[in-house]
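1. Build me a model:
(chains A and B)
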Amino acid sequence: MKTKKRSLIAAGAISAVAALVLAGCASSTPTPTDSSSPSETPTETATLTVWVDDLVAKSLEGVAATFEAETGVAVELVIKDFGAIRDEFITAVPTGEGPDIIAGAHDWTGKLVAAGVVAPVELGAKVADFRENSVAAFTYDGQLYGVPFGVENIALVCNSEKVPAQPATWDEVVDAGVQIALNPDSGDPYHMYPLQTSFGATVFKQDASGSYTAELGMDNAEGVKFAKWLASEGSKVFDVNAGYDIVMEQIKSGDLACWITGPWAAPSIAEGLGEDGYSIYTIPSVGGQPAQQFLGARGFYVSSKTEQPLFAQQFLADYISTEAVQTEIYKIGGRIPAHKAAFEAASGDKITKGFGDAGTIAVPMPSIPQMDSVWASWGATEAALLQKKGNPTELWNKMIADIKTAIGG
Amino acid sequence: MTELKPAEVTKKPRKRSGKFALDDGGTPSLKGTLIKILALGVIDAISLFIAMALLGQGEWGMVALVTFVTLLLNYLYLRRGGLPAKYLAPGLVFMAIFQIYVVVFSGYIAFTNYGSLHNSNKEDALNALQLGGQQRVPDSATYNIKILEGSDGKLNFLLTLPGEDGAPNQYFVGNQDSPLQQISNAELDDSGIAVGLEGYRTLKLVDLAGRQAELVRIKVPVSDNPADGIIMTPDASLAYLYMPTLVYDKEADTITRASDGKVFSDVGTGAFTASDGEELAPGWRVEVGFKNFERAFTEERIRGPLVKVAIWTFVFAGLTVLLTFVVGLGLALLFNDNRLRGKKFYRAAMILPYAFPAFLSAFVWKALFNEKYGFINNVILGGAQVPWLSDPTMAKVAVLMVNLWLGFPYMFLITTGALQAIPEELTESAKIDGATAWQQFRLIKLPLLLVSIAPLLITSFAFNFNNFTLIYLVTGGGPKDIEADINVGETDILITLVYKIAFSTGEGRDYGLASAFSILIFLVVGTISYLGFRRTKTLEDVN
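-> Here you go, the predicted model:
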């Protein structure tokens, strides 16, 4: 329907230009009678518009053609800058000009739902084909809002010579030497999170279905225990002034044994240490409980105002959710596949396998809108604790109070 | 006021054939006319495209506006004469689109609650709430479904519930208004799936293409008892059992939450609100009057740091202008001296910080300031641990230093130009009268300079007042005061504070509040600029 309206406008504009040009030339050539016919394509019944970043677009070209051949519904892949997709989508949907499907990050879910721009998707039995935590990542208030395709998480990356096997305890890692790329002002709660969860202090509590609630999970004795550990032990280990580039140099030159980082750093580390010179390990627990890092997932959302909800659902559930397509997306984008079979197929790759295995215990980063209010105080407080700028218990409780104000206000 | 002179010329007797006649632009050449008509044709085509697109959305006011502007442009360029208008028209059109419209629109948004929780209209909000208003019952059965069209055009669900462990399949039919009924007379395919029913037409996917939105919103009750749930299909091939979580009552315009029976109604604040104030997200856009402005002044978490940040903003902008002006002027005086050799080289070198993208410079400076590994502490200060970015005072100094680096070449350029425009005779006669170098500068050069430079100093002040990029990239407003109640840092200026409050709080993006703040900042900058320009005028009169 939409395409027809567009082509009508285009036809009008083209004929107007033609008319004006012809009039301007004062030519005696007769005006063509049906200048609008080439731009009308009555055979097309519908088009699914999909907003994707360039890598995902490339990997979807094949399945888009298959979908069109089998259903007669064209898939138009519109390439957008990844960072711009979310806000443009939120702005575009109410105008009726938004796409039918977008590819995005799972932590947008809360905002997209709150803005009323996404519809739930139903994977039926296929949901079991995906990693549990990737599905949980796209689940909000008990509803699944996205079809995942890739996941990302941090792990412990070590110099293989210095740490040849999976360290059993955190003390072994400390003895070898470990860093987290930090900022003296804002810390880095994302990379600190596995250490914090190993004390049992989660950022937000989860309800029975696994959805995050707005209730803080670190407002407890476990949280204070972690704060005390940061000031007493963490401050001896971590250098708050060593940012990403500095830690990268240290590990590449062999001065540093281990680094808690993500797959994005691995190719550069391999440049320094060689493909076999580094190993990817699970982060050992510090406080006794599993050191669960944040999981970030990518997936596809359906617009709440799409005129083709059936086709969109069909495209995602029957075409995107297959192993072949998920593998294709992995091959081009390099993100750890969220699809279990595709992950198995890709396990020959060291980075995919290493980070993927380390991330089986990862918990989705909360996508509730309240999460935005947490980062600033959380990071600043951790940085302050590592620099021993005050009483740990007081700083932690002050942080909890600030976050509560920010969420409540 | 010299610009107006050409217009006065037009009033003089007409001189049609003259080469410089401004009233008719001379006799146009054939080539010129063709280019003109072609260009107008393109503009008209674009306008037509826009107008038809707007027509499609029923935006009649905008259609009229676009048509009017297009006709006006055609009139201006096709008539003879009116040359000034021909020059000014494109600029005015762009000013209207990119300046006036933006300001007016921001002004309007400031009086609404537009934000991520109030993104669209009520219809859309209701649609989204209803789409997400039910949950699939965990581990419940999956039905095969065919869509039937009744003689009344209504869509019906024909469901097949596959029997488990060899039990026979069960078949059901139902629609939005009549609950499921078990049937036994359905037409079956080879695998025992119901594909048709007498009196109904089975719809294929192709037939449903135009009714998709209708189909996925159909909720077929399982029985007369609402607690048994509803059947919905997301893809017209499988259907599942759902439990409603939010129930909309069309008559009363209220939504009831199934889990606790709480009733939410439209109370005019742009969201379904319960009696205890709880709101359902998403809400919708409504006009809220001066509420956003009130919040800026009454909400404690905003008002608290506002004064401190406002003072720092003035200090930051003022000091930046002063420092860059002093350094730029000093260098300009130095390089304006005829005795200096290699002036061209030095001048080119001076422009470098200005030619370098500010984004890059900001990042490089940030790295240079690193407390332990940065070049400044490590090399220049020989290993001193100056907390450039984490100490409140030092961070302010650091930001000013970076801005000085970025800003002095501009001042250097404009003062060099202005100095060269000051006639040499003035300084010479001053010399002869026995004025010292300082007197020459203070009494002759500086006042003459200020006449031409003062407006630029004011614009520089206005620019730095809102220098979001620098603060955001170098310190991010930090160091954050961990003792403060909200996320505000020591180097935050008003515009970065607005960004933090309006765009990174728990409520997501709040465009309404951000616009209200922008208008307040606009008023402050506007007032200062107005006063400043008035003062420059008196300077001008003196000379």
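2. Please name the residues that touch the residue of the stretch 101-250 of chain A found nearest chain B.
-> Here the stretch 101-250 of chain A gets closest to chain B at one residue, residue A:116, 3.1 Å apart by CB to the nearest CB. (Each C-beta comes from the backbone N, C-alpha and C, glycine too.) Contact analysis of residue A:116 by CB atoms under 8 Å, 6 or more residues apart in numbering or on different chains lists A:304, B:119, B:120, B:124, B:125, B:127, B:128, B:129, B:281, B:282.
3. Who are the packing partners of the helix or strand harbouring residue B:239?
-> Per DSSP states H and E, residue B:239 falls inside strand B:238-244. In terms of contacts (3 or more CB pairs under 8 Å, 6 or more residues apart in numbering or on different chains; DSSP states H and E), strand B:238-244 is packed against strand B:134-136, strand B:142-149, strand B:230-232.
4. wait, which of those is closest to residue B:190?
-> strand B:142-149 (13.4 Å; CB to CB).
5. just checking, what packs against the closest one?
-> strand B:155-161, strand B:194-196, strand B:201-203, strand B:238-244.
6. pLDDT at the closest residue to residue B:509 other than its chain neighbours, what is it?
-> Distance criterion CB to CB, 6 or more residues apart in numbering or on different chains; nearest residue to residue B:509, sequence neighbours excluded, is residue B:116 at 4.6 Å. The model reports residue B:116 with a pLDDT of 79.
7. what's the answer for residue B:472, then?
-> Reported pLDDT for residue B:472: 90.
8. Same question for residue B:515.
-> With respect to pLDDT, residue B:515 has a value of 91.
9. contacting residues for it?
-> B:106, B:107, B:109, B:110, B:114, B:292.
10. Next, find the distance separating the first one from chain A.
-> Translated: residue B:106. Applying CB to the nearest CB, to the nearest Å, the value for residue B:106 to chain A is 15 Å.
11. Same check on the third one?
-> Using CB to the nearest CB, residue B:109 is found at 12 Å from chain A.
12. again with the fifth one
-> In this structure, residue B:114 and chain A are separated by 10 Å, where distance is defined by CB to the nearest CB.
13. The second one now?
-> Distance of residue B:107 to chain A, given as CB to the nearest CB: 19 Å.
14. pretty sure that residue is touching residue B:519, no?
-> Yes. Applying CB atoms under 8 Å, one finds residue B:107 in contact with residue B:519, separated by 6.3 Å.
15. quick one, which of the two is more surrounded?
-> residue B:519 (20 against 14; other CB atoms under 10 Å in any protein chain shown).
16. give the contact list for that one.
-> By CB under 8 Å, 6+ apart, the neighbours of residue B:519 are B:106, B:107, B:110.
17. Helices - which of the residues you listed land there?
-> Assignment to helices by DSSP state H places the following of these there: B:106, B:107.
18. can the contacts of residue B:519 go into CSV with extra columns for pLDDT?
-> Conversion of those to CSV gives the following (pLDDT from 0 to 100):
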residue, pLDDT
B:106, 89
B:107, 91
B:110, 92
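19. I'd like the contacts of residue B:519 laid out as a markdown table, including distance to residue B:526.
-> Below are the contacts of residue B:519 laid out as a markdown table (distance: CB to CB, whole Å):
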| residue | distance to residue B:526 |
| --- | --- |
| B:106 | 14 |
| B:107 | 13 |
| B:110 | 15 |
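20. Please work out which residues outside stretch B:207-219 touch it.
-> A:1, A:45-46, A:119, A:306-311, A:313, B:130-131, B:134, B:147, B:149, B:155, B:157, B:175-176, B:230-234, B:236, B:242, B:244.
21. got the residue ranges for the helices in the stretch 351-500 of chain B?
-> Taking DSSP state H, counting those that start in this stretch to define them, one finds helices in the stretch 351-500 of chain B at B:358-368, B:375, B:392-421, B:424-432, B:437-439, B:446-465, B:468-474, B:494-503.
22. can you check the stretch 151-300 of chain A too?
-> Using DSSP H, counting those that start in this stretch, helices in the stretch 151-300 of chain A cover A:170-176, A:189-197, A:221-229, A:235-237, A:244-252, A:266-273.
23. In its sheet, which strands sit next to the longest strand along chain A, and in what direction?
-> Using DSSP state E, we find that the single longest strand of chain A is strand A:294-303. Next to strand A:294-303 in the sheet, as set by DSSP bridges, lie strand A:101-105 (antiparallel), strand A:118-119 (antiparallel), strand A:146-152 (antiparallel), strand A:363-364 (parallel).
24. and the first helix or strand past it going along the chain, what's its mean pLDDT?
-> Using DSSP H and E, the helix or strand that follows strand A:294-303 in sequence is helix A:309-314. Averaged across helix A:309-314, pLDDT comes to 91.
25. Could you pull out the buried residues of helix A:309-314?
-> Buried positions in helix A:309-314, judged by neighbour count with 16 or more other CB atoms under 10 Å in any protein chain shown: A:309, A:310, A:311, A:312, A:313, A:314.
26. Counting by contacts, list what it packs against.
-> Helix A:309-314 packs on strand A:46-52, strand A:294-303, helix B:212-216, going by 3+ CB pairs under 8 Å, 6+ apart.
27. Output the ones you listed as CSV; include the columns distance to residue B:418.
-> Formatted as CSV, these follow (distance: least, CB to CB, whole Å):
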stretch, distance to residue B:418
strand A:46-52, 50
strand A:294-303, 54
helix B:212-216, 65
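28. among the ones you listed, which is the most enclosed?
-> Stretch with highest mean neighbour count among the helices and strands packed on helix A:309-314: strand A:294-303 (a mean of 26; mean count of other CB atoms under 10 Å in any protein chain shown).
29. and it, how far from the chain's centre?
-> 6 Å (CA atoms, centre = their mean, to the nearest Å).
30. Can I get it in CSV? Just the C-alpha atoms.
-> The C-alpha trace of strand A:294-303 is given here as CSV (Å, rounded to 0.1, in the frame of the first residue of the first chain):
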residue,chain,number,x,y,z
PHE,A,294,26.6,-8.7,32.0
LEU,A,295,25.3,-10.1,28.8
GLY,A,296,24.6,-7.8,25.9
ALA,A,297,22.4,-9.2,23.1
ARG,A,298,21.5,-8.0,19.7
GLY,A,299,18.3,-9.0,18.0
PHE,A,300,15.3,-7.9,15.9
TYR,A,301,12.3,-5.9,17.1
VAL,A,302,8.9,-5.5,15.4
SER,A,303,7.2,-2.1,15.3
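31. what is the orientation angle of that strand with strand A:46-52?
-> 150 degrees (axes from the mean of the first three to the mean of the last three CA atoms, to 10 degrees).
32. So what angle separates the directions of strand A:294-303 and helix A:189-197?
-> Comparing the axes of strand A:294-303 and helix A:189-197 via the same axes, to 10 degrees yields an angle of 120 degrees.
33. average pLDDT for strand A:294-303?
-> According to the model, strand A:294-303 has a mean pLDDT of 96.
34. And for residue A:102, nearest residue in space, chain neighbours not counted?
-> residue A:51 (4.4 Å).
35. Distance check, that neighbour against residue B:441.
-> Distance check for residue A:51 against residue B:441: by CB to CB, to the nearest Å, it reads 60 Å.
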